[in-house]
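A.B. asks: Below are the sequence and a predicted model; questions follow.
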Amino acid sequence: MFPEPSSLSAITFMSPPQRSTTQAAVIHPADVCPFLLGTLTVPGRLRRMGALMMSAAAEDDREERYMFPTPPVGGWTADDLDRIPGLPPHTELIDGGLFFTSPQTYFHMATLRLLENALLDCVPEGLVVVREMTTRLGKRDRPEPDLMVVPEKALTGPEQTWYEPRDVVLAVEVVSEDSEERDRKVKPRKYAEAGIKHFWRVEKSDGLPVVYVCELDAATDSYAAAGVHRNRLTLDVPFPVDVDLTGVR
């Protein structure tokens with residue numbers, strides 16, 4: 001039997017000494033949780049003060065090994081994102097750090113579906129709508145917009161996982177509660193600095209999506225507000241769009 005959870009305390013896993021970032025988490029008796037930083041091998045058992053506390057699985061002499069990636073000095077690079085084993089879906093790389101996503105809400109799913117279907121109906125010939133793919137903004141940045149519109153010619157093959165920012169006609173982010181700071185500030189700033197000309201930030205208001213439309217100011221490499229759209233999204237650039245935002249229900 002495991003001791004009471006309070007007796008296990010918190011276990012902190014740190015990156016190599018050159019980095020100051022730490023990640024802390026509590027391992028509960030019933031499971032072993034993945035961590036962002038640090039390398040750990042857990043043989044299905046917890047050792048405390050020299051004693052072995054065996055799980056039910058360990059009683060059958062089964063040993064599970066969990067490996068967690070250790071970040072290199074300076075952080076991960078854009079190329080690493082395709083090579084790190086065991087990353088959960090939709091992991092993003094921002095400033096050399098890995099960011100995971102929590103389970104999406106119904107609003108996020110429904111809004112994403114509404115906008116994707118609308119864009120599929122109105123994109124001009126030669127453009128395609130993609131989702132769940134990243135854009136490589138730089139050596140240490142590969143964020144994943146919720147939606148992108150890119151030229152069809154930018155597709156390099158069935159194993160492609162990212163697009164160059166110069167090929168992104170439009171990037172769309174539906175703001176999530178667990179990533180508000182990144183969706184509202186960090187990622188838009190990086191999209192603008194990388195030269196992505198059109199960006200939509202989608203917020204929830206009274207259960208409906210509100211679309212904040214931004215266009216790139218090339219003189220400042222930042223976005224300028226081009227309108228806030230409630231109930232209906234009607235635009236002429238980067239191509240004609242007409243979406244009934246109340247259709248999310």
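C.D. replies: Structure's in. What do you need? Numbering: from 1, shown residues only.
A.B. asks: Which elements pack onto the helix or strand Lys187 falls within?
C.D. replies: Here Lys187, judged by DSSP states H and E, is contained in helix 187-193. With contacts taken as 3 or more C-beta pairs under 8 Å, 6 or more residues apart in numbering; DSSP states H and E, helix 187-193 sits against strand 170-174, strand 198-205, strand 222-230. For glycine as for every other residue, the C-beta is placed from the backbone atoms N, C-alpha and C.
A.B. asks: which one's the longest helix in the protein?
C.D. replies: The longest helix of the chain (DSSP state H) is helix 106-122.
A.B. asks: can I get the CA coordinates of it in CSV?
C.D. replies: C-alpha atoms of helix 106-122 as CSV (Å, rounded to 0.1, in the frame of the first residue of the first chain):
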residue,chain,number,x,y,z
TYR,A,106,-16.4,22.5,-26.9
PHE,A,107,-16.3,26.2,-27.8
HIS,A,108,-12.8,25.9,-29.2
MET,A,109,-13.7,22.9,-31.2
ALA,A,110,-16.9,24.3,-32.6
THR,A,111,-15.4,27.7,-33.4
LEU,A,112,-12.4,26.1,-35.2
ARG,A,113,-14.8,23.9,-37.2
LEU,A,114,-17.0,26.9,-38.1
LEU,A,115,-14.0,29.0,-39.4
GLU,A,116,-12.3,26.1,-41.1
ASN,A,117,-15.5,25.2,-43.1
ALA,A,118,-16.1,28.8,-43.9
LEU,A,119,-12.5,29.3,-45.2
LEU,A,120,-12.7,26.1,-47.2
ASP,A,121,-15.7,27.5,-49.0
CYS,A,122,-14.2,30.8,-49.8
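A.B. asks: Compute the inter-axis angle for that helix and strand 170-174.
C.D. replies: The directions of helix 106-122 and strand 170-174 differ by 160 degrees, with axes from the mean of the first three to the mean of the last three C-alpha atoms, to 10 degrees as the criterion.
A.B. asks: Now do the contacts for the closest residue to Pro240 other than its chain neighbours.
C.D. replies: In space, Pro240 comes closest to Cys122 once its chain neighbours are excluded; the distance is 6.3 Å by C-beta to C-beta, 6 or more residues apart in numbering. With contact taken as C-beta atoms under 8 Å, 6 or more residues apart in numbering, Cys122 is in contact with 239-242.
A.B. asks: how about 7 Å then?
C.D. replies: Shown in contact with Cys122 (C-beta atoms under 7 Å, 6 or more residues apart in numbering): 239-241.
A.B. asks: Ok, Glu203 next?
C.D. replies: Glu203 touches 175, 210, 212, counting by C-beta under 7 Å, 6+ apart.
A.B. asks: spatially speaking, which residue is in the middle of this structure?
C.D. replies: Glu92 (4.3 Å; C-alpha atoms, centre = their mean).
A.B. asks: The helix holding Lys187: how far from the chain's middle?
C.D. replies: 15 Å (C-alpha atoms, centre = their mean, to the nearest Å).
A.B. asks: repeat for stretch 211-218
C.D. replies: That offset, for stretch 211-218, works out to 21 Å (C-alpha atoms, centre = their mean).
A.B. asks: go on, stretch 72-92?
C.D. replies: Distance, centroid of stretch 72-92 to centroid of chain: 12 Å (C-alpha atoms, centre = their mean).
A.B. asks: That stretch: which residues count as buried?
C.D. replies: Of all the residues in stretch 72-92, those buried under the rule 16 or more other C-beta atoms under 10 Å are 75-78, 80-81, 87, 91-92.
A.B. asks: wait, isn't Phe99 in contact with Leu87?
C.D. replies: No: using C-beta atoms under 7 Å, Phe99 is not in contact with Leu87, being 10.7 Å away.
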